[in-house]
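K.L.:
give the three-dimensional model of this entry:
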Amino acid sequence: METFNIIAGICSILGLLIALFVANKVITIKKTINDNSTNKVKQSKNKVKNGDMAGRDVNK
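P.N.:
Numbering: from 1, shown residues only. Take a look at the predicted model:
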């Protein structure tokens, strides 16, 4: 039973170290992602005889 407790203790310590390593990697990835919400998409309006042209009207 003593051997089992030693193996279980070692496994729990290794599991803790792996969890800390993975959490550190996730935090590093979050820091590298840059939220640039200032990008604006300009949409030009296509005018036709009867008003705005929709995507379904282009091929007519």
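K.L.:
got the buried residues for the helix or strand containing residue 15?
P.N.:
Using DSSP states H and E, the element containing residue 15 is helix 2-32. By neighbour count, with 16 or more other CB atoms under 10 Å as the criterion, helix 2-32 contains no buried position. C-betas here are computed from N, CA, C, even on glycine.
K.L.:
how about low-confidence regions in this protein?
P.N.:
In the predicted model of the chain, residues 32-60 satisfy pLDDT under 70.
K.L.:
one more pass at 80, please.
P.N.:
Confidence mapping of the chain against pLDDT under 80 gives the ranges 27-60.
K.L.:
gap between residue 7 and residue 1?
P.N.:
From residue 7 over to residue 1 the distance is 11 Å, taken as CB to CB, to the nearest Å.
K.L.:
same check on residue 26?
P.N.:
Residue 26 sits 37 Å away from residue 1 when distances are taken as CB to CB.
K.L.:
same question, residue 16
P.N.:
To residue 1, residue 16 is 23 Å away according to CB to CB.
K.L.:
what of residue 23?
P.N.:
Computed as CB to CB, the residue 23 to residue 1 distance reads 33 Å.
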